[in-house]
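>>> sequence and predicted model, in that order:
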Amino acid sequence: MQQFELLQRATKTTDSDLNILQHEQESFVILYQEKYQIEEALARQAGTPSEPRLRQRKEQVDQNLSQKANSILEKRMHLAKKHLDSIQNLEKVQNVVLNEHLMSWRRNQQLSGNGVPFFNNLDQIQQWCEMLGDVILQNRQQLQRVESLRTQLPIPMEPQQDLLPSLNAKITALLSSLVTSTFIVERQPPQVMKVSNKFSCSVRLLVGNKLNVHLTPPKVAGTIISEAQANALIKGDKSAITNSAGVIVNNNGLMEYNQAAKQLVVNFRNMALKTVKRSERKKHQEAVTEEKFCLLFQSKFNVANEMTFQVWTLSLPVVVIVHGSQEAQATAVIMWDNAFAELGRVPFEVPKEVLWKALAEQLNFKFKSQIGTGLCEEHLRFLAAKLLGRKEDTMEDLSNVKVSRAKFHKENLIERKFTFWEWFYDAMKLVKDHLQDLWNNGCIHGFLAKQTAQDWLLQKAPGTFLLRFSDSILGGVTIAWIRQDSESEIREVLSIQPYTSKDFQIRSCATRIRDLAVNLEFLYPDIPRDQAFSKYYTATEPQKLTGPNDYVASDLHTTIPIIDRFGAGGGSGRSRSVTPFSIQSPHSPGESVQDPRSVMSQHSEMNAAANDMDFTDTNSPENMERWLNDESLHESLSSFEPPTDAAISQNELYNILYPGPNPGAYNLPSH
């Protein structure tokens with residue numbers, strides 16, 4: 001920065017002027033000693049012929065002393081003004097470094113918690129801070145020399161002309177501000193902190209090298225404090241932190257100087273929060289995941305062997321949880337805080353509502369940081385519709401639409417028992433744990449409305465499919481595909497019961513898609529299935545039997561039961577759900593293993609038919625009568641042929657699927 005060159009040049013100039021002033025003051029002292037000698041000689045030689053000459057010399061010396069005193073006073077005042085200019089320029093540059101660059105670094109560090117790319121220029125900022133510290137110390141030493149010269153030669157001046165006291169106060173304040181502001185948390189602790197879990201963080205002093213603090217490495221202690229305590233501390237009430245808000249073990253460390261990196265850092269590697277003191281909350285107040293804490297780091301050290309600094313710094317806010325089920329809500333609180341915290345805020349206040357476009361940007365960053373590939377405009381528009389409870393085709397310009405924090409992660413979605421954030425978080429977690437490669441290679445549409453998926457697929461060839469996140473099941477992904485009946489040529493979109501993380505722990509998504517090759521042929525819009533998914537298939541190694549008593553290993557396969565056209569007269573373009581199940585292959589006759597979350601194929605088939613009927617009261621005799629008179633249903637049930645080994649009648653199947661108050665009371669009419 002050019003400003004540093006100007007500061008260093010000004011410091012050299014004042015140092016040169018100070019040397020001239022010192023030389024002139026030394027000349028004044030020598031001349032004053034000569035005057036003293038002349039006065040002694042006059043006392044001894046009074047009345048002698050030498051007296052006139054001595055008196056003449058004394059007058060000359062007095063005149064020179066007066067001129068030198070005025071010159072010295074003028075130089076002192078001139079030097080003080082130069083120091084004032086230097087200090088004012090120092091203050092401006094320091095404000096830029098600390099209040100712009102360092103504060104920007106802090107803000108970007110916080111945003112990086114949401115996945116926003118972080119340009120870490122802390123080493124550059126340290127270099128600027130060290131240059132500031134060097135210039136401040138030089139100016140402070142110059143002022144001390146000025147004070148020493150004034151003590152040696154106290155020339156009176158008007159109080160309003162004496163700038164030295166204020167200059168000393170200003171330079172000391174600059175040094176204090178520089179030291180306290182550059183004691184920072186370089187690596188933050190986890191912002192969602194689970195009790196008893198180990199964690200790490202680091203604290204750094206940016207000016208530790210230039211101020212020689214590293215010669216006597218200071219100790220640093222970390223404690224946890226509440227939001228109210230942090231608020232009081234910011235306001236200057238240090239008594240508020242007498243008691244901590246919990247117990248942290250392994251919370252003391254010694255700052256170490258890295259000679260190669262020229263960094264003074266303390267690394268806490270095995271900290272753990274053992275207990276936390278919650279604030280008293282009433283029933284109507286926020287849940288525990290709404291309560292914010294932070295870590296307070298404190299240290300004490302000397303600078304220049306004369307100034308003692310007690311420094312402290314706060315971590316970013318943290319939410320303390322005790323169970324993994326609290327993680328999603330805690331993450332939502334932290335994400336909102338990281339995204340929308342304002343510089344200089346009262347800890348830890350956040351706005352109650354923000355523009356959707358600002359929230360959408362943060363959701364994209366969060367998703368991209370976790371998965372690798374972010375969200376496109378279609379994804380964000382779908383998310384906006386889901387969050388706002390609107391249909392995508394009814395939304396116009398979203399640039400001025402605001403979203404409340406309550407709607408984001410507190411209030412349940414319409415007709416759901418979970419919030420928008422819980423739905424988004426579980427979808428993101430599913431992708432991260434099981435579908436990351438598929439997502440990054442564009443194999444998953446994901447954030448897509450059911451109706452949109454149906455509209456897309458109805459325009460494509462039979463066997464075209466796509467993957468979208470379930471609207472009703474947290475962390476679920478479904479496969480929707482278009483099929484066409486070979487006889488009636490009726491086209492309809494079917495959706496497989498959503499798979500969750502538990503399903504993919506048993507068998508991967510790509511391999512399940514391979515299992516369903518008969519139904520799933522083209523990934524939307526028209527990519528051959530194997531071209532898109534073959535590199536993700538789970539390979540099956542040939543078995544080698546070494547003895548007559550070796551067992552033959554089995555393998556799970558996903559299948560979809562035979563689909564019959566229940567209610568085909570309803571027209572084409574219908575969307576229904578089907579439930580796949582798994583079988584073992586190879587297997588012995590009569591042996592099968594079902595996927596634990598599925599039902600038998602025939603049962604699934606009849607469930608799908610029942611789902612197509614829009615009756616809500618299954619126990620109503622009126623509705624049951626309507627069902628019994630439904631000719632298309634009778635035809636479908638009549639054509640239903642159970643396997644030869646089935647031990648259940650059609651009437652029993654009907655009563656299982658549609659139980660009434662009196663089991664067995666409703667029997668199918670005979671045909």
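Structure received.

>>> for the stretch 201-350 of the chain, what spans make up the helices?
Using DSSP state H, counting those that start in this stretch, the helices of the stretch 201-350 of the chain run over 227-234, 327-340.

>>> just the element for residue 473, please.
Assigned by DSSP states H and E, residue 473 falls within no helix or strand.

>>> isn't it right next to residue 499, touching?
No: Residue 473 lies out of contact with residue 499 (C-beta atoms under 8 Å); the separation is 9.3 Å. In short, each C-beta sits where N, CA and C put it, glycine included.

>>> which of those two has more neighbours?
A count of neighbours by other C-beta atoms under 10 Å puts residue 499 above the other of residue 473 and residue 499, at 27 against 16.

>>> for the more buried one, which non-adjacent residue is spatially closest?
Closest residue in space to residue 499, ignoring its immediate chain neighbours: residue 477 at 5.6 Å, by C-beta to C-beta, 6 or more residues apart in numbering.

>>> how many residues are close by residue 511?
Neighbours of residue 511 (other C-beta under 10 Å): 19.

>>> from residue 12, how far out is it?
To residue 12, residue 511 is 73 Å away according to C-beta to C-beta, to the nearest Å.

>>> residue 121 now?
28 Å.

>>> for residue 522, same thing?
76 Å.

>>> between those two, tell me which one has more neighbours.
Neighbour count, other C-beta under 10 Å: between residue 522 and residue 12, residue 522 has more, with 20 against 11.

>>> so that one touches residue 463, yeah?
Yes: with contacts counted by C-beta under 8 Å, residue 522 reaches residue 463, the gap being 5.8 Å.

>>> tell me who's in contact with the residue nearest in space to the middle of the chain.
Closest to where the C-alpha atoms of the chain average out (C-alpha atoms, centre = their mean) is residue 113, at 1.9 Å. The neighbourhood of residue 113, defined by C-beta atoms under 8 Å, 6 or more residues apart in numbering, consists of 188, 191, 316, 334-335, 338.

>>> so, low pLDDT: which residues of the stretch 351-500 of the chain?
The stretch 351-500 of the chain contains no residues with pLDDT under 70.

>>> what's the closest non-adjacent residue to residue 230?
residue 347 is the one closest to residue 230 (C-beta to C-beta, 6+ apart), at 4.1 Å.

>>> distance from stretch 204-219 to the middle of the chain?
Relative to its chain's centre, stretch 204-219 lies at 30 Å (C-alpha atoms, centre = their mean, to the nearest Å).

>>> again, but for stretch 357-377
Distance of stretch 357-377 from its chain centroid, counting by C-alpha atoms, centre = their mean, is 12 Å.

>>> and it, what's buried?
By neighbour count with 16 or more other C-beta atoms under 10 Å, stretch 357-377 contains the buried residues 359-367, 371, 374-375.

>>> quick one: the helices in the stretch 1-150 of the chain?
Using DSSP H, counting those that start in this stretch, helices in the stretch 1-150 of the chain cover 2-44, 51-95, 103-112, 122-152.

>>> ditto for the stretch 351-500 of the chain
With DSSP H, counting those that start in this stretch as the criterion, the stretch 351-500 of the chain has helices at 356-371, 377-388, 405-409, 420-430, 436-440, 450-457.

>>> right, and those helices - which one's nearest residue 311?
helix 356-371 (32.0 Å; C-beta to C-beta).

>>> what's that closest one packed up against?
The elements that helix 356-371 packs onto, with contact taken as 3 or more C-beta pairs under 8 Å, 6 or more residues apart in numbering; DSSP states H and E, are helix 327-340, helix 377-388, strand 402-404, helix 420-430, helix 436-440.

>>> which outside residues touch the fourth one?
Spelled out, that is helix 420-430. Against helix 420-430 from outside (C-beta under 8 Å, 6+ apart): 328-329, 331-332, 363, 366-367, 370-371, 383, 386-387, 407-409, 413, 416, 446-447, 469, 474-477, 500-501, 504.

>>> just want the angle from it to helix 356-371.
Interaxial angle, helix 420-430 versus helix 356-371 (axes from the mean of the first three to the mean of the last three C-alpha atoms, to 10 degrees): 30 degrees.

>>> ditto for the second one
Orientation check (the same axes, to 10 degrees): helix 377-388 against helix 356-371 gives 120 degrees.

>>> the longest one too?
Interaxial angle of helix 327-340 relative to helix 356-371 (the same axes, to 10 degrees): 120 degrees.

>>> surely residue 226 meets residue 293?
Yes: taking contacts as C-beta under 8 Å, residue 226 lies within contact range of residue 293: 5.8 Å.

>>> which residues do those two both contact?
With C-beta under 8 Å, 6+ apart, residue 226 and residue 293 have common neighbours residue 245.

>>> between these two, which is the more surrounded one?
More crowded of residue 226 and residue 293, by other C-beta under 10 Å: residue 293, with 26 against 23.

>>> residues contacting that one?
Contacts of residue 293 (C-beta under 8 Å, 6+ apart): 193, 224-227, 245-246, 276, 317-320.

>>> shaky segments in the stretch 201-350 of the chain?
Using pLDDT under 70, the stretch 201-350 of the chain drops low at 281-286.

>>> at 90 what do you get?
208-217, 236-243, 259, 261, 278-288, 302-307, 343-345 (pLDDT under 90).

>>> so residue 472 versus residue 301, what's the distance?
Residue 472 is 59 Å from residue 301, by C-beta to C-beta.

>>> quick revisit: is it true that the residue nearest to residue 230 touches residue 231?
Yes: the pair residue 347 and residue 231 passes the contact test of C-beta under 8 Å, sitting 5.1 Å apart.

>>> which of those two has more residues huddled nearby?
Taking other C-beta under 10 Å, residue 347 and residue 231 do not tie; residue 347 has more neighbours (19 against 16).

>>> on that earlier part again, which of residue 472 and residue 301 has more residues huddled nearby?
Neighbours per residue (other C-beta under 10 Å) separate residue 472 from residue 301, with residue 301 holding more: 24 against 13.

>>> what about the residue nearest to residue 558 when sequence neighbours are not counted, how many residues close to it?
Nearest residue to residue 558, sequence neighbours excluded (C-beta to C-beta, 6+ apart): residue 515, at 4.0 Å. When neighbours are defined as other C-beta under 10 Å, residue 515 has 21 of them.

>>> rewinding a little: which of the contacts of helix 420-430 count as buried?
Looks like those have 328-329, 331-332, 363, 366-367, 371, 383, 386-387, 407-409, 413, 446-447, 469, 474-477, 500, 504 buried, using 16+ other C-beta under 10 Å.

>>> now do the nearest residue to residue 163 once chain neighbours are set aside against residue 514, distance only.
Leaving aside its chain neighbours, residue 163 sits nearest to residue 80 (4.1 Å; criterion: C-beta to C-beta, 6+ apart). Distance from residue 80 to residue 514, counting by C-beta to C-beta: 84 Å.

>>> do the same with residue 398
Taken as C-beta to C-beta, the span from residue 398 to residue 514 is 40 Å.

>>> between these two, which is the more surrounded one?
residue 514 (20 against 16).

>>> name the nearest residue to that one, sequence neighbours excluded.
Using C-beta to C-beta, 6+ apart, the closest residue to residue 514 is residue 537 (5.3 Å).

>>> list the contacts of the one you found.
Residue 537 makes contact with 510-511, 514 under the criterion C-beta under 8 Å, 6+ apart.

>>> nearest to residue 237, out of those residues: which one, please.
residue 510 (59.1 Å).

>>> wait, what's in contact with that closest one?
Residue 510 neighbours (C-beta under 8 Å, 6+ apart): 438, 533, 536-538.

>>> give me the mean pLDDT for the helix or strand harbouring it.
Using DSSP H and E, residue 510 falls within helix 509-515. Here helix 509-515 scores 94 as its mean pLDDT.

>>> for the very next helix or strand once past it, which outside residues touch it?
Heading C-terminal from helix 509-515, the first helix or strand you meet, by DSSP H and E, is strand 522-523. Contacts to strand 522-523, defined as C-beta under 8 Å, 6+ apart, come from residues 443, 460-461, 463-466, 528-529, 532-533.

>>> let's see 7 Å
Strand 522-523 is touched from outside by 443, 461, 463-466, 528-529, 532, with contacts defined as C-beta atoms under 7 Å, 6 or more residues apart in numbering.
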